[in-house]
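>>> Sequence first, predicted coordinates after that:
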Amino acid sequence: MEPPLVIAGAGIAGLAFAAGLERSADPPPYVLLDERPALGSTGGAITLWPNALAALDEIGAGDAVRRAGRAVGTGRVLTARGRVVRSLDLERSSAALGGPLVAVRRGALVEILHALVRDDSVRLGVAVRGYDGDDSGVRVRTDGEPVAARALVGADGYRSEVARALDPGMTETYAGYPAWRGIAGVGGLEPMQVWGGHSEFGIVPLDDDASYWFATVREPAGGGAGDELGHLSAAFAGWPDAVHQVLAATAPGDVTRNDVMDRAMPRRWVDGRVVVIGDAAHAMRPHLGQGGCQALVDAVVLARLVGGSTSLAEAFAAFEQLRRRQARRVVRLSRNAGRAVNAPAPLHHLTRLVPDAVLLRTLARIAGAGAG
Ligand SMILES: Cc1cc2nc3c(=O)[nH]c(=O)nc-3n(C[C@H](O)[C@H](O)[C@H](O)COP(=O)(O)OP(=O)(O)OC[C@H]3O[C@@H](n4cnc5c(N)ncnc54)[C@H](O)[C@@H]3O)c2cc1C
């Protein structure tokens, strides 16, 4: 019997790729290996742009995600003192972007994708540690027995072992700030981003009783063992009430903190029958909310190419050709957005000089960076 196609990582990219394979005329056997003991996702919620929703539509998950989530616009941008820098309502931003953004709990997104993959195709508690390969196949190294594979798709996130094997020299530097995320048990808030000197706080309404929030504050890497909510309340003292409302309504266990890293793109995404997708291929700063969107676009593009080709190596090479340049652009724009948001406060006033129409055109280009 031919060995399966192995997918390292059952996160957003891995599951969406498997769901995409299921849509092809003759889906190949596949298995997803994930190092975690249980499926699911930390990090509260995620906002999905029209490019991601179009990708989800292609694999039959779009409507379920829209039902599980909530349509949101880009919202208002305020200064730390509550002055409005920019205001874009849902109608205007949706018209410019080709549709609304949808905010959805990560757990719900993973569940919807998981329901579309073959029963028993996910093996949990198996960490991929690299591979040995030639033209005939791949031996996937794991923390247990090696797994024989027809091909290997590395969807193992920004710490990807598969990407590291493709490019052992890949560099990584600290962006200068961690990102916190959480879900607060308070609803009815308007979407907003608040920018202060070297720090930001964002609020995204999820449903009548819950809001998703994220924050960055310039500080050394490697912290985070203590009282995160207390730390953030102090860091955002004097900021608009809504910031303190969501912090007060968040349980300590619902907060995640990650150091934001600028990890280089691997020199190559493909080695014969091995390919990387999602954060493994193009980790990016979180400010545009595009990492997961680009991961979904990768997944459906690759599944489409694999489904329509007799040669996996050719499909993988075509994937890199199609996606690399576009993803690199979004990585660059995300880094620039991070630099702008985390600039000293006086520089934020300069962003007022950018007309709404120009900003919306830039965002629309990102929203269109899709699978078409
Ligand atoms: C603060 C913050 C906010 C964000 N907000 C948004 C947003 O609003 N919208 C958006 O689109 N994106 C957002 N992102 C980015 C988004 O979270 C990622 O881009 C997305 O999760 C990438 O999906 P992925 O499947 O490639 O990787 P992951 O989601 O990281 O999944 C990787 C999977 O691989 C598994 N794995 C890892 N290593 C191994 C191994 N060695 N062996 C086996 N399994 C392994 C992991 O357990 C995991 O299940 C945000 C990121 C941050 C930090």
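That came in fine, so what should we check first? None of these values were measured; they are calculated from a predicted model.
>>> Which residue lies closest in space to H244, excluding its sequence neighbours?
S233 (6.6 Å; Cβ to Cβ, 6 or more residues apart in numbering). C-beta coordinates here come from the backbone N, C-alpha and C atoms, glycine included.
>>> residues near the one you found, how many?
15 (other Cβ atoms under 10 Å).
>>> can you check R81 too?
Here the count is done by other Cβ under 10 Å, and R81 has 11 residues near it.
>>> Spatially nearest residue to it (excluding sequence neighbours)?
By the measure of Cβ to Cβ, 6+ apart, the closest residue to R81 outside its immediate chain neighbours is G238, 7.7 Å from it.
>>> Count the residues that sit near the one you found.
Taking other Cβ under 10 Å as the criterion, the count of residues near G238 is 10.
>>> Just confirm it contacts A80, I think it does.
Yes - counting by Cβ atoms under 8 Å, a contact exists between G238 and A80, whose distance comes to 6.9 Å.
>>> and stretch 36-51, is it in reach of the ligand?
Yes - using Cβ under 6 Å from any ligand atom, stretch 36-51 comes into contact with the ligand via 36, 46-47.
>>> name the helices or strands packed onto the longest helix along the chain?
Of all segments of type helix in the chain, defined using DSSP state H, the longest is helix 312-341. Secondary structure elements in contact with helix 312-341, counted by 3 or more Cβ pairs under 8 Å, 6 or more residues apart in numbering; DSSP states H and E, are strand 270-271, strand 274-276, helix 279-282, helix 291-307, helix 345-351, helix 356-367.
>>> Would you list the phi and psi of L101?
L101 adopts backbone torsions of phi -80, psi 150, taken as degrees, to the nearest 10.
>>> what sits against it?
Listed by Cβ atoms under 8 Å, 6 or more residues apart in numbering, the contact set of L101 reads 47-50, 71-74, 93, 289.
>>> do you know how far it is from R257?
Between L101 and R257 the distance, using Cβ to Cβ, to the nearest Å, works out to 24 Å.
>>> for G308, what are its contacts?
For G308, the residues meeting the contact criterion (Cβ under 8 Å, 6+ apart) are 24, 315.
>>> and the gap between it and L33?
Taken as Cβ to Cβ, the spacing of G308 relative to L33 amounts to 25 Å.
>>> And for R329?
Plainly put, R329 is 31 Å away from L33 if you go by Cβ to Cβ.
>>> The two: who's more crowded?
L33 (24 against 13).
>>> so the more buried one, which of the three states?
Counting by DSSP: H, G, I helix; E, B strand; the rest coil, the backbone at L33 sits in strand.
>>> The one 3 residues further on now?
On the three-state scheme (three-state DSSP), R36 is labelled coil.
>>> who touches it in this structure?
R36 makes contact with 124-125, according to Cβ under 8 Å, 6+ apart.
>>> residues contacting A16?
Residues in contact with A16, defined by Cβ under 8 Å, 6+ apart, are 55-56, 59, 61, 113, 295-296, 299-300, 303.
>>> R181 reaches V255, doesn't it?
Yes - R181 sits in contact with V255 when judged by Cβ under 8 Å, with a separation of 7.2 Å.
>>> for stretch 224-240, which positions count as buried?
If you call a residue buried by 16 or more other Cβ atoms under 10 Å, then stretch 224-240 has these buried ones: 228-229, 231-232, 235-236, 239-240.
>>> How about the contacts made by the residue most central in space within the chain?
When the chain is reduced to its mean C-alpha position, the closest residue under Cα atoms, centre = their mean turns out to be G292, at 2.4 Å. The neighbours of G292, taking Cβ under 8 Å, 6+ apart as the test, are 12, 46, 48, 52.
>>> Check it and give its pLDDT.
At G292, the model reports a pLDDT of 97.
>>> gap between it and A367?
Applying Cβ to Cβ to G292 and A367 gives a distance of 14 Å.
>>> The helix or strand hosting S211 vs the ligand: in contact?
With the criterion set as DSSP states H and E, the secondary-structure element containing S211 is strand 210-217. Yes - applying Cβ under 6 Å from any ligand atom, one finds strand 210-217 in contact with the ligand at F214.
>>> Name the strands paired with that strand and say parallel or antiparallel.
Strand 210-217 has the following strand partners under DSSP bridges: strand 172-184 (antiparallel), strand 199-207 (antiparallel).
>>> now the strand or helix carrying H231 and strand 210-217, what's the angle there?
When secondary structure is defined by DSSP H and E, H231 falls within helix 228-235. Our comparison of helix 228-235 with strand 210-217, counting by axes from the mean of the first three to the mean of the last three Cα atoms, to 10 degrees, yields an angle of 60 degrees.
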